[in-house]
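[1] Predicted structure and sequence below. I'll ask about it afterward.
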Amino acid sequence: MTSVLIVCGTCYLLKLSGYLIPDSLFANPRFQRINTLIPVVLLSALVAVQTFGSKSALVIDQRLAGVLVAAIALKFKAPFPLMMVLAALTSALIYRI
Amino acid sequence: MSVALPVGTYGTAFGASGIANGFTVLQTCLLSLLLFSGASQFAFVGVMGAGGSALSGIATGGLLGFRNGLYALRMSQLLQVRGIKKFIAAQLTIDESTGVALAQEERGEAAMRYGFWATGIGVYISWNVFTLLGAYGAQALGNPSAWGLDAAVPAAFLGLVWPRLIDKRTQVIAVMAMVLAVLLVPLVPAGVPIIATVAIALIFGWRSR
């Protein structure tokens, strides 16, 4: 529970800091570029780890099929809820067979 | 409103993800109420649920929350808020509210401010209502794998990163991050493979091309 509150506090302070500090501090283009890439690498890593990771082992299971279906759905510009449902259905189906 | 509703369904996914990763309904709902930034919330529960330490969960959530601080820099110029409104505006400074505000640029500052507040408040309400529904729903379902929730979580991350993969270079960087993270999974404690990919962002962001 403590960690829940700490992560909430951290993220709130990050938001608030933008209203409290002068913006010239972060105007540097290098900083901007890195900041654009941070969500890209973290979210990509999360996709990969949540698809293949199982504790400290790597496995290929029903999740991969679900994620591949999600990728195809996104490729065809499927709306977010549909993409999630398709991924879950695929994974559940394979898990139950 | 047109933004708030799809976000709501995403909130359901977060609610379910919190439960699937071993958090209680209360903890899941607190994250939506107090943290209120989808990517950070998904990442935090994902890292902790995979057995990561509290520190790596907080670090991943915090790194993903960093961009909200930069949105806030831009929004503070636009909104010119004082006193208590500044603290409310801060909590509502997320991808959606900032995106809608910036999309109204041609229609003038009043429209931009309206876009920020309407989207921020709308998303806040729907995100929290749907988190609660998703958390209760998932709790009732039981085993996450049997309902495909184990795949819905990485699919949610894929949906979040997809619109950011705007050019070839970014796509290559995304693939490198995936490969690095997977390679690190057997070698380092849970959570660390994800944070380690920040190195890729630093290396490629340092140089302009």
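    Perfect, I can see it now.
[2] quick one, domains of chain A?
    Described in terms of automatic domain parsing, the domain architecture of chain A consists of the residue ranges A:1-50, A:60-97.
[3] Out of those domains, which gets the lowest mean score?
    Among those, domain A:1-50 has the lowest mean pLDDT, at a mean of 86.
[4] Ends of it, what's the gap?
    Chord length of domain A:1-50, first to last residue, is 23 Å (CA to CA, to the nearest Å).
[5] By mean pLDDT, which helix or strand of chain B comes out lowest?
    In chain B, no helix or strand scores lower on mean pLDDT, DSSP states H and E than helix B:4-20, which sits at a mean of 81.
[6] Is there proximity between the helix or strand that comes right after that one and chain A?
    In the C-terminal direction, the helix or strand that comes right after helix B:4-20 (DSSP states H and E) is helix B:25-30. Yes. Judged by CB under 8 Å from any CB of the partner chain, helix B:25-30 comes into contact with chain A at B:27, B:30. Where C-beta positions appear, they are placed from N, C-alpha and C, glycine not excepted.
[7] List the buried residues of helix B:25-30.
    Judged by neighbour count (16 or more other CB atoms under 10 Å in any protein chain shown), helix B:25-30 contains these buried residues: B:25, B:27-30.
[8] Same question for stretch B:200-209.
    With burial defined by 16+ other CB under 10 Å, the residues of stretch B:200-209 counted as buried are B:200-201, B:204-205.
[9] again, but for stretch B:91-103
    B:91-98, B:100-101.
[10] coming back round to it: what's the least confident helix or strand of chain B packed up against?
    Counting contacts by 3 or more CB pairs under 8 Å, 6 or more residues apart in numbering or on different chains; DSSP states H and E, helix B:4-20 packs against helix A:80-96, helix B:25-30, helix B:38-49, helix B:109-141, helix B:149-161.
[11] Which among the ones you listed is found nearest to residue A:31?
    helix B:38-49 (19.5 Å; CB to CB).
[12] coming back round to it: any chance of the helices and strands packed on helix B:4-20 in CSV, plus distance to residue A:18?
    CSV is the format used below for those (distance: least, CB to CB, whole Å):
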stretch, distance to residue A:18
helix A:80-96, 27
helix B:25-30, 23
helix B:38-49, 15
helix B:109-141, 13
helix B:149-161, 21
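[13] follow-up on the earlier one: I'd like the buried residues of stretch B:91-103 laid out as JSON lines, including pLDDT and distance to chain A.
    Putting those into JSON lines (pLDDT from 0 to 100; distance: CB to the nearest CB, whole Å) gives the following:
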{"residue": "B:91", "pLDDT": "96", "distance to chain A": "6"}
{"residue": "B:92", "pLDDT": "96", "distance to chain A": "9"}
{"residue": "B:93", "pLDDT": "95", "distance to chain A": "5"}
{"residue": "B:94", "pLDDT": "91", "distance to chain A": "8"}
{"residue": "B:95", "pLDDT": "85", "distance to chain A": "9"}
{"residue": "B:96", "pLDDT": "85", "distance to chain A": "12"}
{"residue": "B:97", "pLDDT": "90", "distance to chain A": "11"}
{"residue": "B:98", "pLDDT": "89", "distance to chain A": "10"}
{"residue": "B:100", "pLDDT": "85", "distance to chain A": "16"}
{"residue": "B:101", "pLDDT": "88", "distance to chain A": "13"}
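[14] List just the nearest of the residues you listed to residue B:74.
    Nearest to residue B:74 among the buried residues of stretch B:91-103 is residue B:98, at 6.9 Å by CB to CB.
[15] In the buried residues of stretch B:91-103, find the pair that's most separated.
    Farthest pair in those (CB to CB) is B:91 and B:100. Separation: 16.2 Å.
[16] Looking at chain A, which residue is nearest chain B?
    When you check chain A against chain B by CB to the nearest CB, the closest residue turns out to be residue A:18, at 2.2 Å.
[17] Leaving out the residues flanking it, which one is nearest to that residue?
    Taking CB to CB, 6 or more residues apart in numbering or on different chains as the measure, residue A:18 lies nearest to residue B:72, with 2.2 Å between them; neighbours along the chain are not counted.
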